[in-house]
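Please find the sequence and the predicted model below.
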Amino acid sequence: MANEQVLTANQVIEKAAKYLNEKDIKLVQKAYEYANKAHEEQYRKSGEPYIIHPIQVAGILVDLEMDPVTISAGFLHDVVEDTNVTLQDLEEEFDKEVAMLVDGVTKLGKIKYKSQEEQQAENHRKMFVAMAQDIRVILIKLADRLHNMRTLKHLPQEKQRRISNETLEIFAPLAHRLGISKIKWELEDTALRYLNPQQYYRIVNLMKKKRAEREQYLEEVMNEVRDRLKEVSIHAEISGRPKHIYSIYRKMAMQNKQFNEIYDLLAVRIVVNSIKDCYAILGIIHTCWKPMPGRFKDYIAMPKANMYQSLHTTVIGPQGDPLEVQIRTSEMHQIAEYGIAAHWAYKENKQLSEQESFEKKLTWFREILEWQNDANNAEEFMESLKIDLFSDMVFVFTPKGDVFELPSGSVPIDFSYRIHSEIGNKTIGAKVNGKMVTLDYKLKTGDIVEILTSKHSYGPSQDWLKLAQTSQAKNKIRQFFKKQRRDENVVKGKELVEKEIKALSLDVEMKEILSSENLKRVADKFNFSNDEDMYAAVGYNGITAAQIATRLTEKWRRKRDLEQETSIVEAVQDLKKFSVSKKKDSGVRVEGIDNLLIRLSKCCNPVPGDEIVGFVTKGRGVSIHREDCTNIHTEETKDRLLSVEWEGNAKEGKEYNVEIEISGFDRRGLLNEVLQAVNETKTNITAVSGKSDRNKMATISMAISIHNVNHLQKVVDRIKQIPDIYAVRRMMH
């Protein structure tokens, strides 16, 4: 992509004809002619006819060997924004695909915004959302931005700086994530020229001074490599790799170095036919010159997220200076230069497996739609985008060796939600390289991360929103709390409806009234998707419980016969000898049998609201367990289980013991804050103990007396509001 050359439309079409068929070329030609007519008598700031810009954009897309639809959209990308042509016109003249791509890169024109920043953020949001549906949108936008940067000298200085800054913040990192290094380097170097011209031209002049010396040195190195490869009959293309100005500037700025302290200005690139040859050449290079420790990177075995693959090594060269060597196959070289465009799924002769692999590599892009739905405004959307897509990355491993890429600064919470949202929600701690760490530990490249989970965890703490760095993790945590609030409304709504039904004093079982068929019928009448939505609406006062109760009791069906398994029937017969004259006030009822000896199990401490099951003991009546208690779900015990339920008229004042475990960062006053929080919920604490490890991870065990699961949930929610609390879970023995 030569910076200086201005292509004509014929030259662009001739280039395209080298890889497109006659039918495709007709579409491209038609698009140019349509754009030429639409932009007639329009001129750029430079005084040139406006059509020159779309021609150059299409030319850049042809250099990337894009498909005919994308090239056509490149010619047409400004017609909707800058002429009287509408999207409907394009759809009629071409097709929906071309119109969709043009719409994706068209700015929002007719809406008034509070500020230019807000408008720009909205434009970017629109573009990224379109891009998530079809990646070609961003390729057209990158080509558009590249040509605009090449002609930036015709704009006022203030605009030059604003556009260059935006290019460095958004478009160059995006080109990097898409692996298109040809565009990335030019965008960065050109932006630097306008943002810091003094440093830019200083580096250019310093590079020019020693160019002849460097070229001679590289020629000597390349000849040595050619001779060695000839001995082992390996064919390779060997070239010197120029160091780009922006990368030198960034290294000088970030590492506080002078130009003469930058040693990797010299680099040799070796392109071969097979992966086997890559590793063979690596061995030859290391026998010629001594490798520098810690400077070897194998991106073939572990490709970068942008699909880049290559072997990198730095050796002490012939004159004692560090020399970087890159070794890759010709296919890898294409991907390194053209990135996603080299894998383009719209090209002909693509295997289905290749297309599936291509789509898989773009999964991170699909998340953009999810982010934009959760963002409150465009500025928030752009900030989260910059953090997740454009920041420096760290690579961490699972204990099984799977690698995950996360933004620099990520913590174990980000890692757990990257694996799966359920893993994230059940997280209670983390180990890094075999040692326990706090959940605010900053992950580093190479860390082996093991997430500790518990199915009894009560989910994320509000504090996690401050700890998490990635938008994905923050959104999943927010979704959990949204769902939690919905679940609370569902429970509340159901209680209110049942109360209204009881008040009607109907001679019918509650179970029958609340059958799935009856609930569906009433939910449909009130236009709810399901009974949970209906209960949630009652919970937040969207509809009254009386309305629902009245509808539910309109028609009720005969009581269905509940068939019990033979083993259960036998177990019930067994129970008669354990009947007692006065039933213990457990608050639990075994259906169809009165005056049973019932006790609540100490291993799982069930409380009203828990799903429960009865277990027929030998000589001690029925013990009540939580449905998820591991002690009763065995092959030996399955025949001794009974269906039980909490009594609807259980006394409000009755208390049940529950043990909880609280994890968090150990700091002064943490235990006092936890005790105070529990007291605020008017809950009795019967026992408390705490410990802290050398990693400052505090664990507080607490036994409390509660009335039901709603009471317990209030206690847990209040504890999770305390800063530095990471997890709360219910204990089971």
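Sure thing, it's come through.

Confirm that Leu496 sits in a helix.
Yes - assessed with DSSP: H, G, I helix; E, B strand; the rest coil, Leu496 lies in a helix.

ok, the residue nearest to it when sequence neighbours are not counted - contacts?
Nearest residue to Leu496 in three dimensions, chain neighbours excluded: Ala545, at 3.8 Å (C-beta to C-beta, 6 or more residues apart in numbering). Backbone N, C-alpha and C define where each C-beta goes, glycine included. For Ala545, the contact set (C-beta atoms under 8 Å, 6 or more residues apart in numbering) comprises Gly493, Leu496, Val497, Lys499, Glu500, Val538.

Would you mind giving these as TSV with pLDDT, distance to Glu92 and neighbour count added?
Below are those laid out as TSV (pLDDT from 0 to 100; distance: C-beta to C-beta, whole Å; neighbours: other C-beta atoms under 10 Å):
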residue	pLDDT	distance to Glu92	neighbour count
Gly493	89	51	25
Leu496	90	56	19
Val497	89	54	26
Lys499	88	61	12
Glu500	85	58	19
Val538	84	50	24
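
separation between Ser181 and Asn205?
Distance of Ser181 to Asn205, given as C-beta to C-beta, to the nearest Å: 25 Å.

Any stretches of the stretch 151-300 of the chain with poor pLDDT?
The model of the stretch 151-300 of the chain has pLDDT under 70 over residues 209, 242, 255, 260-265.

and the residue lying closest to Ile238 once chain neighbours are set aside, how many residues sit next to it?
Of all residues not flanking Ile238 in the chain, Met222 sits nearest, at 4.8 Å (C-beta to C-beta, 6+ apart). Neighbours of Met222 under the rule other C-beta atoms under 10 Å: 16.

Same check on the one 5 residues further on?
A count of nearby residues for Asp227, using other C-beta under 10 Å, gives 10.

cool, and the one 3 residues further on?
Residue crowding around Lys230 was assessed by other C-beta under 10 Å; the count is 11.

Same check on Leu452?
By other C-beta under 10 Å, neighbour count at Leu452 equals 16.

Next: His625.
26.

Now for it: which residues touch it?
Ser601, Cys603, Cys604, Pro606, Ile612, Val613, Gly614, Phe615, Asn631, Ile632 are the contacts of His625 under C-beta under 8 Å, 6+ apart.

so the first one touches Cys629, yeah?
In other words, Ser601. Yes - under the criterion of C-beta atoms under 8 Å, Ser601 makes contact with Cys629 at 7.0 Å.

Report the contact partners of Lys435.
Taking C-beta under 8 Å, 6+ apart, we find Lys435 in contact with Asn695.

Torsion angles phi and psi at it?
Here is the backbone geometry of Lys435 (degrees, to the nearest 10): phi -120, psi 140.

residue boundaries of the strands in the stretch 201-350 of the chain?
237-240, 267-272, 297-298, 311-316, 322-329 (DSSP state E, counting those that start in this stretch).

Who are the contact partners of Val658?
Val658 neighbours (C-beta under 8 Å, 6+ apart): Asn605, Val607, Ala703, Ile704, Ser705, Ile706, Leu712, Arg730.
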